[in-house]
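1. Whatever this is, show me its structure:
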Amino acid sequence: METKDKEKVRQAVREQYGKIARVENIFPEKNSGASCCSSPGISDPLEQAASCCGAPDFSLDQISTAMGYSNEDITSTPEGANLGLGCGNPVALALLKPGETVVDLGSGGGFDCFLAAKRVGEDGKVIGVDMTPDMVSKARYNAEKIGTDNVEFRLGEIEHLPVADNRADIIISNCVINLSPDKRNVYREAFRVLKPGGRLAISDIVATAPLPQQIRENLAAVTGCIGGAATITDTENMLKAVGFENIQIKFKEESRQIISKWAPGENAGEYIVSANIEAIKPV
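-> Numbers count the residues shown, from 1 in each chain. The predicted structure is shown next:
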């Protein structure tokens, strides 16, 4: 993909998620998880929010429960942090320990960051990175509401992380890397930021079959967590190429039902599935 095309994708993603953050402030009672049900053809952000994942088929809590979160997870974070944009529960996958440093790629409203912060405790640290200013502002506001001291949110692209080398014990991400037009560089940056022996624990969307051209070339499908999905083989090859070892990619067959509702009429569940992706940076 050419540089100008990559920037076009980044800009579309930034605009889409900026709208989601702003709409959620206007209608906090609605689930505005527009990323995972892009509703091609609906351009107005208010209509997008009203038509999305939570209504009419699923509530926001139902979506979160289906993705692997407990009721305690859902109720223990500040209101407005959970935007229903994920496709799994990377915090549970990560098996975090007290005192660890966590970096969240594409932290959104901060939901996973706040859950991680409780697990790493006061001696730990959580750094959320997001390229959308409205999302970073929302996450910082959510952090202020609960007065947490071990979470911070930084504005930046996940292909160019604003984090020092060998800083993190573990990197998490939830349905974000599929949005990047330069996934190999995302994994390269994750490798750089991790300490030797550090762990990657990601929930993301992967393709189990080649995507039809009309999906791959549809920006609404890309910003909706469908059109940019890499295949399982490509994902494994990218991780190996940057140096990761002990790579495990386990997809969740049951996720196809929900994914099929993200883009009605596209039969996305036939091509796309949610997966847990784990890897280790060698010592």
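
2. Show me the longest helix that occurs in this structure.
-> Secondary structure of the chain per DSSP state H: the longest helix is helix 3-26.

3. Which other helices and strands does that helix contact?
-> helix 45-51, helix 133-146, helix 219-223 (3 or more C-beta pairs under 8 Å, 6 or more residues apart in numbering; DSSP states H and E). Bear in mind the C-beta positions are built from the backbone N, C-alpha and C, glycine included.

4. export those helices to TSV and tack on distance to P181, mean neighbour count and mean pLDDT?
-> Shown next, in TSV, are those (distance: least, C-beta to C-beta, whole Å; neighbours: other C-beta atoms under 10 Å; pLDDT from 0 to 100):
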stretch	distance to P181	mean neighbour count	mean pLDDT
helix 45-51	22	18	34
helix 133-146	19	19	93
helix 219-223	8	21	76
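
5. Can you check which of the ones you listed gets nearest to I249?
-> helix 219-223 (21.0 Å; C-beta to C-beta).

6. What is that closest one packed up against?
-> Using 3+ C-beta pairs under 8 Å, 6+ apart: helix 219-223 touches helix 3-26.

7. what angle separates the helix it packs on from helix 133-146?
-> 40 degrees (axes from the mean of the first three to the mean of the last three C-alpha atoms, to 10 degrees).

8. quick one: average confidence on helix 3-26?
-> Across helix 3-26, pLDDT averages out at 75.

9. which strand of this protein spans the most residues?
-> Ranked by residue count and defined by DSSP state E, the top strand of the chain is strand 194-207.

10. Distance from the chain centre to that one, please.
-> On the basis of C-alpha atoms, centre = their mean, to the nearest Å, strand 194-207 sits 12 Å off its chain's mean C-alpha point.

11. could you point out which element follows it?
-> Under the assignment DSSP states H and E, the closest C-terminal helix or strand after strand 194-207 is helix 213-216.

12. Run through the helices of this protein in chain order.
-> 3-26, 45-51, 60-66, 71-76, 90-94, 111-120, 133-146, 183-193, 213-216, 219-223, 232-242, 256-259.

13. Including distance to I158, could the ones you listed go into JSON lines?
-> Conversion of the helices of the chain to JSON lines gives the following (distance: least, C-beta to C-beta, whole Å):
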{"stretch": "helix 3-26", "distance to I158": "10"}
{"stretch": "helix 45-51", "distance to I158": "23"}
{"stretch": "helix 60-66", "distance to I158": "23"}
{"stretch": "helix 71-76", "distance to I158": "23"}
{"stretch": "helix 90-94", "distance to I158": "14"}
{"stretch": "helix 111-120", "distance to I158": "14"}
{"stretch": "helix 133-146", "distance to I158": "13"}
{"stretch": "helix 183-193", "distance to I158": "5"}
{"stretch": "helix 213-216", "distance to I158": "21"}
{"stretch": "helix 219-223", "distance to I158": "15"}
{"stretch": "helix 232-242", "distance to I158": "14"}
{"stretch": "helix 256-259", "distance to I158": "22"}
